[in-house]
Each structure stands twice: as C-alpha cells, then as structure tokens.
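Trainee: Prediction below, plus the sequence it came from.
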Amino acid sequence: MRECRYGQTISDSRVTSVNRNGGGDVTTFREPALQESHAVIWSTFQSRNYRIWYPVQLLTLCSNWLFMVGANWVLYEKTLSSAALGMLTFAMMIPSAVCMLPAGVVIDRASRKRVLQYVQAVLLLQGGTLTYLAATGALAVIHLFGFAVIFGVANAFYAPARHAFVADLINDRSHLPQAVAFNSLAFNLARIGGPAIGGVLLAYGGPTGCFGVYTAGMALALVGLRWIRFPWTADRPPETSLWTSLREGLRFAWRHRRVRYLLAWVVGSALFGAGNLSLLPAYAAEILHYGASGYGGMYTLIGVGAMFGALGVAGTYRRIHRPVRWIQIGVALIPLGMSGLGMRPSVPVVFVLLILIGLGFAIQFALTNSTIQMTVQDRMRGRIMSLYTLLFFGTTALGGAMAGHMAAIMGIPRWLILSGGFGLFLQGWIRMGLRHASVEGTEI
C-alpha cells in the first residue's frame, strides 16, 4: 500500500505512473487487465459447491464413455455385426428421446441434486450388475440391450439436470456464463479422454476391467454429490399436471422470440454440423487414407478447438455485450469448416479446419446455453434445458442418418460442401429473426 495526494491510500498494483508538475504528485490508475481476465475465468470456482461438482460431473461423463465403448466392443465381439452396433445406439437414444421432456418437468419440481443422486444410484447398480456378468462370462447380447435402455432413460434425466443444476451451485448468478463454459469444457475433455481410457482398459483389463472402472466412477460421483450442501428445501409441490407443465415449457420456448431462435440455431448446427461428424471415420479412411489412430486424432483436434473456445468464453463473457454476434461467429465457423473439408485440402489444412469446427461448436453452444439460462426463470429451467438437450441430440442423430444417406449418393466431399451451404443459409435466416429478438428492449 502507498499514500498519494489528498491522503488517499491505494494498492501498489493500481499505480502506473507518478508525475511531478508544480511540486505536486499526480497518480494515475489502471486496472491490471491480465489479472482481471484470469480472475474472471476462474471466478466460478469461488463457489464451494461448484468446486465439488466440477470433478464429479467430469468423472460421470468419462464413465459414461466407458460404458458406451465397452458395450459396443463386447457386442461386436459377440455378433461381428455393424448393424447390431447401430441397434445398440438406437436402444440408447430412443428411450432417452421419449423420456427427456417429461424429465424436464420432474427436474423443475424436485430437488435437482436428488434427481442426480437417483440417476447415479441407478447407473451404479447397472454397472455393478454389468461387471458381475462380464466377470462370470454370463454377459449376453440381450443383457447389453437391456443395459442400453436403462442408460438411455438415466441420461434423459442426467443431461438436462446437469445443465439446470449449475445455476443452483454458484453464489453469484453473474458467474453463470463462466460455469456453463466450463461445463462445455468438461464435456469435451470427457469426449477426448473417455474413449481413450476405455480403449486402454479393454486392452489390458478386458470388458470386466472397463465395466469395473465404470462402476467405480459412478460410486465416486455419488459420494461427491453428497458433499454438495444446500439449505434444506422440500420438493416443489406440483401446481399443475405433468402434461400441463410440459405444454407450459414448450409454449414459453415458442413464444419467447429470443429462446425460439436460439433453439433454432441449435437445430441447424446439429443437423448440418454435428450430424456430419458421423462421416469422420469414412473421411479419414477414404480421403486422408488414415486408420483408426488417425480417426481418433481427428476427434482430438475437434476437442482441442472446443477447449480453447470454452476457455475463451469463460474469460471474456463479461466483455461481450451482444452475445448473438459471437454466437453468429461460432455458427459460421461450423459450416465453413465443413465446406472446407469437402474441398479435400491438404492434411495440415484439414487439421486447422477441425480445430476451427471445434472452436465454433464451443462458442455457439456455450453462449447459447448461458444466454438461454440467463433468460428463463428458475422454475422453468429444467424444462427448457431438457428441450435444448433433446433438440441437440435428436437432430444430431437425424443429421447423422441424413449425412450417411446423402454421402452414399453423392460422395462425402460433395455432401460436406452442400451441407455447409445449407448451414450458412439457415444462419442468415435465423439472424434475421434474432435482429428483432428483444426482451424489454434489451438486445442479445
């Protein structure tokens, strides 16, 4: 500390220069921008509950990948059928899609922590049974499909609850955008690390080792949730029926212009962007002439770009006065990157494009998620997040099926270029709607 003119005491970190004119000291001040930026990035972790939650959700997301990798591997060993793999994915996604919107109503009525605890307990029992069957050699194809259905139903509750729970964890709601960005970072870290860990466990421990670690991860996550402390509150009693509450959420999403167009952007990017990622194995083999390791490296580059995007959003959100402009940049990077891949560039350019695609995904979805969450009321957060999650995963699956069909007809490069054009056209249409999107005169 030091003393300046008029007896003011200031911190040395704020003093930049002292001028002596006319016998007087004049002190100028400047906030240390770099220190402030670092403080903003990590401000979310000032909340004790969020510090506990972050490794818990990262552990759960990685464990989910262990189940998917292990189940797919065992099923293929038993059937040697790629069609069976598609049916297993179908068995996971259909129950999740059917249950996700009603799950949003439950999340709004019940304690979100309690919902997550029930989900973790179900997955823990599922993992323990799966590990026992694998260890005794009794694991059959029918078991895998049954566990896939259980996993899909559990994920219908876990995915939207994970998004909605963030607002309950932070002490200062102004930190919500940073928390959402770090959630996106956790998702991408798990997408990179989960399959890699699963492959190592399958190689050295077999299915029993993979499913055993999956079970242990769910057990640790359940213990971690117990450490999160809230003042005790009873579940909110239902004021209306489940279907009335569901219609209320859908009506809000449709009538609120800002939310409606942001969700439309999610649909467009999932349909013409995330859906095309299903073509990466074929692109790696047919265009780049890479094997499995090269395909894994391509996914890793997308994850690297997404990590940079999430950290960038976390560090700069408070300086973003109109998030829609940055969302537009993220949305544009995705179809431009896809079209660039369709032009069959050199390998280094492909790597750069994959990083840009990951960057676009992180910027768009982190800002879209945080903007929607800052808009909706807490009593409706679960329903809107369930709709957001359903639209993303549902249209990604639809986009993947469409991409596979169209690529078979016209070839992968031509479809990537065409889908990129569709994505840019859709971006322009939604931007026209967002130009008029305002709530009480505040632009986004």
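Mentor: Yes, it's here.
Trainee: Could I get the contacting residues of the residue nearest in space to the middle of the chain?
Mentor: With the centre of the chain defined as its mean C-alpha position, the nearest residue by C-alpha atoms, centre = their mean is residue 184, 4.2 Å away. Residue 184 makes contact with 306, 309, 310, 313, 362, 365, 366, 369, according to C-beta atoms under 8 Å, 6 or more residues apart in numbering. Every C-beta, even on glycine, is put in place using the N, C-alpha and C of the backbone.
Trainee: Find the nearest non-adjacent residue to the last one, please.
Mentor: It stands for residue 369. residue 180 (4.8 Å; C-beta to C-beta, 6 or more residues apart in numbering).
Trainee: Now do the same contact list for the one you found.
Mentor: Residue 180 neighbours (C-beta under 8 Å, 6+ apart): 163, 166, 366, 369, 370, 373.
Trainee: Any buried residues in stretch 373-385, and which?
Mentor: Neighbour-count burial for stretch 373-385 flags 373, 375, 376, 380, 381, 382, 383, 384, 385 (criterion: 16 or more other C-beta atoms under 10 Å).
Trainee: Among the contacts of residue 180, which ones are in helices?
Mentor: Counting by DSSP state H, the part of the contacts of residue 180 found in helices is 163, 166, 366, 369, 370, 373.
Trainee: before we move on, back to that, what about the residue nearest to the centre of the chain, helix or strand, and which?
Mentor: Assigned by DSSP states H and E, residue 184 belongs to helix 176-227.
Trainee: Can you give the distance from the one helix or strand residue 59 maps to to the centre of its chain?
Mentor: Following DSSP H and E, the helix or strand that holds residue 59 is helix 48-79. With C-alpha atoms, centre = their mean, to the nearest Å as the basis, helix 48-79 stands 14 Å off its chain's centre.
Trainee: which other helices and strands contact the very next helix or strand once past that helix?
Mentor: With elements assigned by DSSP H and E, the helix or strand that comes after helix 48-79 is helix 82-109. Helix 82-109 sits against helix 48-79, helix 141-169, helix 242-255, helix 381-410, with contacts defined as 3 or more C-beta pairs under 8 Å, 6 or more residues apart in numbering; DSSP states H and E.
Trainee: Quick one, which of the ones you listed gets closest to residue 127.
Mentor: Counting by C-beta to C-beta, residue 127 lies closest to helix 48-79 out of the helices and strands packed on helix 82-109; the figure is 7.2 Å.
Trainee: tell me the domain ranges of this protein?
Mentor: Domains of the chain are assigned by automatic domain parsing as 2-30, 47-230, 255-444.
Trainee: Adding distance to residue 249 and mean pLDDT as columns, could you present the ones you listed in a markdown table?
Mentor: Output for these, formatted as a markdown table (distance: least, C-beta to C-beta, whole Å; pLDDT from 0 to 100):
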| stretch | distance to residue 249 | mean pLDDT |
| --- | --- | --- |
| domain 2-30 | 47 | 40 |
| domain 47-230 | 6 | 89 |
| domain 255-444 | 3 | 83 |
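Trainee: Out of these, which gets nearest to residue 248?
Mentor: Set against residue 248 and scored by C-beta to C-beta, the domains of the chain come closest in domain 255-444, at 7.4 Å.
Trainee: Endpoints of stretch 332-352, how far apart?
Mentor: This stretch, stretch 332-352, spans 15 Å end to end (C-alpha to C-alpha, to the nearest Å).
Trainee: What residues sit buried inside it?
Mentor: 332-342, 350, 352.
Trainee: Just put the helices and strands packed on helix 82-109 in CSV and tack on distance to residue 206.
Mentor: Output for the helices and strands packed on helix 82-109, formatted as CSV (distance: least, C-beta to C-beta, whole Å):
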stretch, distance to residue 206
helix 48-79, 9
helix 141-169, 15
helix 242-255, 43
helix 381-410, 30
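Trainee: and the helix or strand where residue 416 lies with helix 381-410, angle?
Mentor: The secondary structure element spanning residue 416 is helix 412-434 (assigned by DSSP H and E). Relative orientation of helix 412-434 versus helix 381-410 (axes from the mean of the first three to the mean of the last three C-alpha atoms, to 10 degrees): 140 degrees.
Trainee: Show me what counts as buried in helix 412-434.
Mentor: In helix 412-434, counting by 16+ other C-beta under 10 Å, buried: 412-413, 415-420, 423-424, 426-427, 430-431, 434.
Trainee: Tabulate the CA atom coordinates of it in CSV.
Mentor: The C-alpha coordinates for helix 412-434 follow below in CSV (Å, rounded to 0.1, in the frame of the first residue of the first chain):
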residue,chain,number,x,y,z
ILE,A,412,-18.6,-37.3,-48.9
PRO,A,413,-16.9,-34.2,-50.3
ARG,A,414,-19.9,-33.0,-52.2
TRP,A,415,-22.2,-33.5,-49.3
LEU,A,416,-19.9,-31.6,-46.9
ILE,A,417,-19.9,-28.7,-49.3
LEU,A,418,-23.6,-28.8,-49.9
SER,A,419,-24.4,-29.1,-46.1
GLY,A,420,-22.1,-26.2,-45.4
GLY,A,421,-24.1,-24.1,-47.8
PHE,A,422,-27.4,-25.1,-46.2
GLY,A,423,-25.9,-24.3,-42.8
LEU,A,424,-24.9,-20.8,-43.9
PHE,A,425,-28.3,-20.2,-45.5
LEU,A,426,-30.0,-21.2,-42.3
GLN,A,427,-27.7,-19.0,-40.3
GLY,A,428,-28.8,-16.0,-42.3
TRP,A,429,-32.5,-16.7,-41.9
ILE,A,430,-32.2,-17.1,-38.1
ARG,A,431,-30.0,-14.0,-37.9
MET,A,432,-32.9,-12.0,-39.5
GLY,A,433,-35.2,-13.3,-36.7
LEU,A,434,-32.7,-12.6,-34.0
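Trainee: What are the contacting residues of that helix?
Mentor: Applying C-beta under 8 Å, 6+ apart, the contact partners of helix 412-434 are 257-258, 260-262, 264-265, 268-269, 272-273, 276, 279, 282-283, 286-287, 324, 328, 331-332, 334-344, 403, 406-407, 410, 444.
Trainee: ok, 6 Å please
Mentor: Helix 412-434 has contacts (C-beta atoms under 6 Å, 6 or more residues apart in numbering) with 261, 264-265, 268, 272, 276, 279, 282-283, 324, 331, 335, 338-339, 341-342, 344, 406-407.
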